[in-house]
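**Student:** here is my input; please provide its structure:
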Amino acid sequence: MKISIPRYDLAALWDKHCEHEFNRRDVAATMLTMVSDPYVNHIPTMIGGVGAKDLSRFYEHHFLNNNPDDTKIIPISRVVGTDRVVDEMLFCFTHDREIDWMLPNISPTGKYVKIPLVAIVTFRDGKICNEHIYWDQASVLVQIGLLDNTNLPVAGVETANKLIDKNLPSNTLMKRWIESDNKK
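**Tutor:** As a prediction, the model looks like this:
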């Protein structure tokens, strides 16, 4: 007896979900791409929702209409497995409004931000089950001027620039590395 396992185009499902989130900004359509008990966790800020009711409220009041109008997502790489998609991207925006999920309680600074962001999206029965979203919060805070990285081992927009250009300098935050190079 041969068992047939349904196959879904997970990348297309994820793209459709993102279209509803970022372009259409449609809560109902976004939720239709998800299972009945989904959850989303923006890891650096621990913001999102658990369950359809909580997540719908989050999308409506704190996410879909909360993103700056110039938000841009630039794909870098994607891995598609049997039940998940891992997307690496650049996430770019002008901090022209309070962005509850990324910069909660921070007034707009007008600064442009460009950061590497990774989404790990799990699927069940052809719908999104959960999303874990990762980014370097220190890089965001440096770029909007809330974190002075002069004496800290963190970078700002350089992290995004290095992601797309491997030839940019490496190891610039390591004082010992730079000192040893200068001695050569």
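
**Student:** tell me which residues touch the residue nearest the centre of the chain, please.
**Tutor:** The centre of the chain sits closest to Leu117, judged by C-alpha atoms, centre = their mean, with a distance of 4.0 Å. Applying C-beta atoms under 8 Å, 6 or more residues apart in numbering to Leu117 gives the contacts 88-91, 133-135. Placement of C-beta: from N, CA and C, glycine included.

**Student:** number of nearby residues for the nearest residue to Asp83 once chain neighbours are set aside?
**Tutor:** What sits nearest to Asp83 in space, not counting adjacent residues and going by C-beta to C-beta, 6 or more residues apart in numbering, is Phe123, at 5.4 Å. Each residue near Phe123 was counted by other C-beta atoms under 10 Å, and the total is 21.

**Student:** and Phe123, what pLDDT?
**Tutor:** Listed pLDDT for Phe123 reads 97.

**Student:** cool, the one 5 residues further on as well?
**Tutor:** pLDDT for Ile128: 98.

**Student:** host element of Val35?
**Tutor:** Val35 is part of strand 34-42 when elements are defined by DSSP states H and E.

**Student:** alpha carbons of that strand, as CSV, please.
**Tutor:** Extracted C-alpha coordinates of strand 34-42, given in CSV (Å, rounded to 0.1, in the frame of the first residue of the first chain):
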residue,chain,number,x,y,z
MET,A,34,-2.2,30.4,8.5
VAL,A,35,-3.4,27.4,10.5
SER,A,36,-6.1,28.0,13.1
ASP,A,37,-3.6,28.1,16.0
PRO,A,38,-0.6,30.0,14.6
TYR,A,39,2.1,31.9,16.4
VAL,A,40,4.6,34.6,15.5
ASN,A,41,7.6,35.6,17.5
HIS,A,42,9.9,38.4,16.6
